[in-house]
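Predicted coordinates and the sequence they were generated for:
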Amino acid sequence: MWNRQSVGVVFPAYNEAQNIASAVAEFRALAGADGLPLVDGVVVVDNNSTDGTGDLARDAGAEVVVETKQGYGNALQRGLSEIDTDIIVLCEPDGTFASRDIVKLLAYSEDFEMVCGTRTNPGMIWDEANMKWFLRLGNYFVAKGLEILYKTRSLSDCGCTFRLVRKDAARRMQGDLFVGASHFLPNMIIAAKMNGVDFIEVPVSYKGRTGESKITGSWLGMWKTGIAMIWLILAYWPRFLFRVAAAQPKAAAER
Ligand SMILES: Nc1nc2c(ncn2[C@@H]2O[C@H](COP(=O)(O)OP(=O)(O)OP(=O)(O)O)[C@@H](O)[C@H]2O)c(=O)[nH]1
Ligand SMILES: [Mg+2]
């Protein structure tokens, strides 16, 4: 619980047998200043894992939902619609994020409906992290493109899963979430902007992962995801402009 609001964590998981149990346990063990648990529930969205990820997650105390539509975005969308806590936190169960950083996101949830982690502060990137200069710059420039075209608040990372969204904001955004693949995160920012969900970025630690990296760990994966993000941002922009223009006469009429 955080300020009498329930907190739930969503983990998208595809063959994370090496990490899932410790990730679930770590988040469930977090306690607030009052000594009570911070996290009320963990939902693991098992995305057709073949290595027993689902059973391990269940044994560690998570609720497991099976999503058969393959893809990181499909898994996160399913988690967002399944979980029913007041505050929803998305994270990866691969050891790359520090569970204690949830407190940083929660602190800003008092003032913002969505709080996004950013992994671009060099002081918080661990040596073994998959965040060398090229990936860091790529994340930064794609995020800046998103910020400029969609007139968002300051953005420096377009690919950080560790983010918080309030349940009512997530429900408002749902109709504009459609990316099932690995470039889902900018889709979430666009959906937030389209539905008046105010957000802010907060620096979080980024560590090295155990087990196989499935998205940006290879050059091919990194390029494919980067290009898909850029394409999404450019292709969706006319629709965004149209929505803004269509909303203006209504706003004027309301005055
Ligand atoms: N690639 C992939 N990941 C999925 C899928 N479904 C869920 N996931 C999860 O999405 C998260 C992101 O994938 P990672 O392999 O960590 O990729 P990454 O974060 O770009 O790379 P690292 O920095 O090495 O962690 C992991 O927790 C996966 O288990 C899927 O269909 N494909
Ligand atoms: Mg990862």
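Happy to help now that I have it. Ligands and ions are numbered 1, 2, ... in the order given.

So which bits of this structure are right by ligand 2?
92, 94, 96 (CB under 5 Å from the ion). Using the backbone N, CA and C atoms, a C-beta is placed for each residue, glycine as well.

Next secondary structure element downstream of whichever helix or strand residue 56 is part of?
Per DSSP states H and E: residue 56 is located in helix 53-59. For helix 53-59, the following helix or strand on the C-terminal side (DSSP H and E) is strand 63-66.

contacting residues around that next one?
Applying CB atoms under 8 Å, 6 or more residues apart in numbering, the contact partners of strand 63-66 are 41-46, 48, 54, 57-58, 78-79, 82.

is that strand anywhere near ligand 1?
No: Strand 63-66 lies out of reach of ligand 1 by CB under 6 Å from any ligand atom, never closer than 11.4 Å.

quick one: strands adjacent to that strand?
strand 41-46 (parallel) (DSSP bridges).

hmm, who's touching the partner strand?
Contacts for strand 41-46 (CB under 8 Å, 6+ apart): 6, 8-14, 20, 24, 27-28, 53-54, 57, 61-67, 75-76, 78-79, 82-83, 85, 93.

The same query, at a cut-off of 7 Å, please.
The contact list for strand 41-46 (CB atoms under 7 Å, 6 or more residues apart in numbering) reads 8-13, 20, 24, 27-28, 53-54, 57, 62-67, 75, 78-79, 82-83, 85, 93.

Also stretch 105-112?
2, 87, 89, 115, 117, 164, 166, 198, 199, 200, 202.

any chance you could map the strands in this structure?
7-13, 41-46, 63-66, 87-90, 114-118, 163-166, 199-203 (DSSP state E).

Need those strands in TSV (columns: mean neighbour count, mean pLDDT and distance to residue 245).
Formatted as TSV, these follow (neighbours: other CB atoms under 10 Å; pLDDT from 0 to 100; distance: least, CB to CB, whole Å):
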stretch	mean neighbour count	mean pLDDT	distance to residue 245
strand 7-13	27	98	34
strand 41-46	25	98	36
strand 63-66	16	98	38
strand 87-90	26	98	31
strand 114-118	25	98	24
strand 163-166	24	98	27
strand 199-203	19	97	23
